[in-house]
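Participant: Let's see this in three dimensions:
(chains A and B)
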Amino acid sequence: MRVNPYPMPELLAALNQTELKAQQAALEISTGKSVNVPSDDPSAAALLVDNNDQATFNAGFLHDLSAINGQLSAADSTLSSVQTALRQALSLGVEGGNGTLSDADRAAIVAQLQGIQSQVLALANSSYQGNYLFSGTIIGTAPYAVSGTDPSGVTYNGNDGVNQVAVGNGYQLAINQPGSQLFSAQGNSVFQALNDLIVAVGSNTGVDTAVNEVDSAANYLSVQGVFYGNALAQVQSQTTYLNSAKLQISEQQNSLGAADLSVAATDLSSAQTDTQAALAAISKFAGNTLFDYLR
Amino acid sequence: MAGLFGTLSIAISGLAVSQQQMETSSNNVANANTKGYSREVVETEAGAPIVISGLTVGTGVVLDKIESLRDPILEIQLNQATQQQSSLNAQLAQLQTLQTHFAGSTSGIGADISNFFNSLEQLSPDPSSVELRQSVLTAATNLATDFRSTASSLTTQEGNLNLIVQQSVDEVNSLTAEIASVGQQIAQLQNAHQDASTLIDQQTNLIRQLSGFVDVQVIQTGNGGINLATANGTALVTGTQSFALTTKTGSDGNSHIFAGNQDITSSLTGGSLAGTVQVRDQEIPGILNQLDQLATGFANAVNAANAQGFDLNGHAGGNIFTPPPAGGTGAAATLQVGITDPSLIAASSDGTAGSNGNLTNLLAVATQPVAGGQTPINAYSNLVFQVGNTTSDTSADADAAGEILQQLQNQRGSISGVSLDEEAASIVQFQTAYQASARVITTINGLLADAVNLGIESAMQ
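Facilitator: Okay, the predicted model is just below:
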């Protein structure tokens, strides 16, 4: 069978292929990616888009958790301060119920109690990064204002709004409690109780009842305030979870699209060897025919 | 005496034929690198014998024909393989350019979509922050910009393909004209009973070049004439007459290919024109359509979610994106953020500045079906897959087509290719035969002299 006497095009095509392989391997090494264009691995390219989306959302959740943590901690420590003030008020109240006190002594206790009342008001009106913590969603308005007409001595100018923030896929966390649920709940108002105690000590009547009222309001506040402790704990554990998820997402990105440098380097090296071999073979074809021998 | 002159004429015929054989070999050698050349071999046969005194004697050697070795079936197969490979290569080149717009997962439309939702997510704990709201607008603007620039690049590429179509049609016309003119020359030679091998090789080569552009089929008419037509029957060359194709801009703004009054653009099945048209009229519009659907679905969903809430001033939410055109066509090319005031983002669900309730609705767009029943990010990743897959498949097909073409060319080479070794051996062979015939003539010459001088001493030696 007569062979094709002009094999050069085929040899050149083979040479082209080895050079193409070398270029591909070099590109992988220089970019560090095995998927540089979608056609390199279409499924991986699509999955990498999804992976980036997951990574972005994950980073967003972590960012929010950090922001929420600050807000929740501020609120939590404010409530602790309120509890401290209320305990002080309780002991003052007990002292003020002592029948042996003089009018002047009782007046002094009343003054201290009024001081505590102002302190609690200021604490309830705390803000964090320019927003009031306890006014629900009317974050630009202080929750409590002094009122001459309201029996509790204050009016609540906030609302009942509670904000939820997504901290995971389908995982929403409430991040605030409105003042109306903490300090001025119907029948369990800290402000009402303090005001009543001040009146009781001042008139030296019903001090025991008033002290109990303050105690009861403080307990109620404590129970409601557990919300913040719980939320902080959830923030902690979700942060830990998301940090490990972040690693997994990153590993998946590597397995999908990162170049295996050792494999790519080997590919490059063997492609270069193949190229040299092809070049040597081609050069042998140049020139020798029977004409050279028929002199 | 007749015997000696007979022998002389036999030897002279041998000389002439050897000379012709060497000339043919020499022609082959000279044309060893001529594209499309088919090697020639000299067919000889013994001269018709005569009968002398009851004995049949030969009359030397006669030149039968000088034959060009080529396989017509192989030529047809080569044309088909060329058409296939050219079409695929044309498509591949365009697809490789096209897919760069979808490369990289950390940038581009997909990453922009993720970033947009991320900016809403980060607004959530502090919904009244003007700074964080501005970040949302920035993310939305980046997304809109990427949609517009991708759509614009694809449209530009589509436009460039029109130029390629026009240039290719010009090439086709120039080739068909040349084929017709060569055909005329072939007809003239064949009418004069002369050998038109060289011209036939030339014509075959031209047809092969034409196959690189269109799906041409060769129909042999009598007397070595040919008709060329495309697969769907459009006549390109009839005998010695060629028919030029024209291009006209169609209602889609693209160059359409016409044969007379008939639009044959979508009926081409091979050659680079078919491949280019395929990308221009199918692939690119298909991708643009998907981008338009995604842009439309996404913008409408975000606007609808915004309308469910209240902005920072307590007013009901309006549109964040300029509403896309009805029907969706051109949505990607015109996607714009329609607001510049960050307070217009309707994060609130009750009108208060600190409420983030409506952000839940805005964020829900990320997991809602907005285009083709898919979420925004899935619609995009699916598009990336399609583009990559089409390109990868076309690349594999082009490689395979190249292999087939190479194999066929090998076969053609083995039949028609000039082997310098072979020609060298032939020349030696013919040279020896020539020398032998010449030696015979010298001998006869001596014998003639002897015969003439029979028994007499004379001057003739």
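
Participant: quick one: contacts for A:Q129?
Facilitator: With Cβ atoms under 8 Å, 6 or more residues apart in numbering or on different chains as the criterion, the residues that contact A:Q129 are A:70-71, B:126. The C-beta positions use only the backbone N, C-alpha and C, and glycine is treated the same way.

Participant: which residues of the chain score low on pLDDT?
Facilitator: Since no chain was named, I'll use chain A. Within chain A, the set of residues satisfying pLDDT under 70 comprises A:286-287, A:295.

Participant: that's the other chain; I wanted chain B
Facilitator: Scanning chain B for pLDDT under 70 picks out the ranges B:1-2, B:455-461.

Participant: looking at the contacts of A:Q129, which has the most residues close by?
Facilitator: Among the contacts of A:Q129, B:D126 has the most neighbours (other Cβ atoms under 10 Å in any protein chain shown), with 25 neighbours.

Participant: That one contacts B:L132, correct?
Facilitator: Yes. Taking contact to mean Cβ atoms under 8 Å, the distance of 6.0 Å between B:D126 and B:L132 places them in contact.

Participant: quick one on the thing from earlier: for the contacts of A:Q129, which one is nearest B:G225?
Facilitator: Checking the contacts of A:Q129 against B:G225 with Cβ to Cβ, the nearest one is B:D126 at 84.7 Å.

Participant: From A:N51, how far out is the closest one?
Facilitator: As defined by Cβ to Cβ, to the nearest Å, B:D126 lies at a distance of 28 Å from A:N51.

Participant: who in the stretch 151-295 of chain A is up against chain B?
Facilitator: Residues of the stretch 151-295 of chain A found near chain B (Cβ under 8 Å from any Cβ of the partner chain) are A:159, A:161, A:163-166, A:172, A:175, A:257, A:289-291, A:294.

Participant: Now the buried members of those residues.
Facilitator: Buried residues within those, counting neighbours by 16 or more other Cβ atoms under 10 Å in any protein chain shown: A:159, A:161, A:163-166, A:175, A:257, A:289-290.

Participant: which two from those residues end up farthest apart in space?
Facilitator: A:N159 and A:L290 (103.0 Å).

Participant: can you tell me if the helix or strand encompassing B:T443 touches chain A.
Facilitator: Under DSSP states H and E, the secondary-structure element containing B:T443 is helix B:420-452. Yes. Part of helix B:420-452 sits close enough to chain A to count as contact by Cβ under 8 Å from any Cβ, namely B:420-422, B:424-425, B:427-428.

Participant: now those residues as a markdown table including neighbour count?
Facilitator: As requested, the residues of helix B:420-452 next to chain A are exported to a markdown table (neighbours: other Cβ atoms under 10 Å in any protein chain shown):
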| residue | neighbour count |
| --- | --- |
| B:L420 | 18 |
| B:D421 | 13 |
| B:E422 | 19 |
| B:A424 | 18 |
| B:A425 | 15 |
| B:I427 | 19 |
| B:V428 | 13 |
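
Participant: pretty sure B:L98 is touching B:Q386, no?
Facilitator: No. Taking contact to mean Cβ under 8 Å, the distance of 11.3 Å between B:L98 and B:Q386 leaves them out of contact.

Participant: what's whichever residue of the stretch 1-150 of chain A sits closest to chain B in contact with, if anything?
Facilitator: Closest to chain B within the stretch 1-150 of chain A is A:P38: 2.7 Å, counting by Cβ to the nearest Cβ. Remark: with contacts taken as Cβ under 8 Å, 6+ apart, A:P38 is in contact with A:45-46, B:99, B:102-103, B:384-385, B:387-389, B:391-392.
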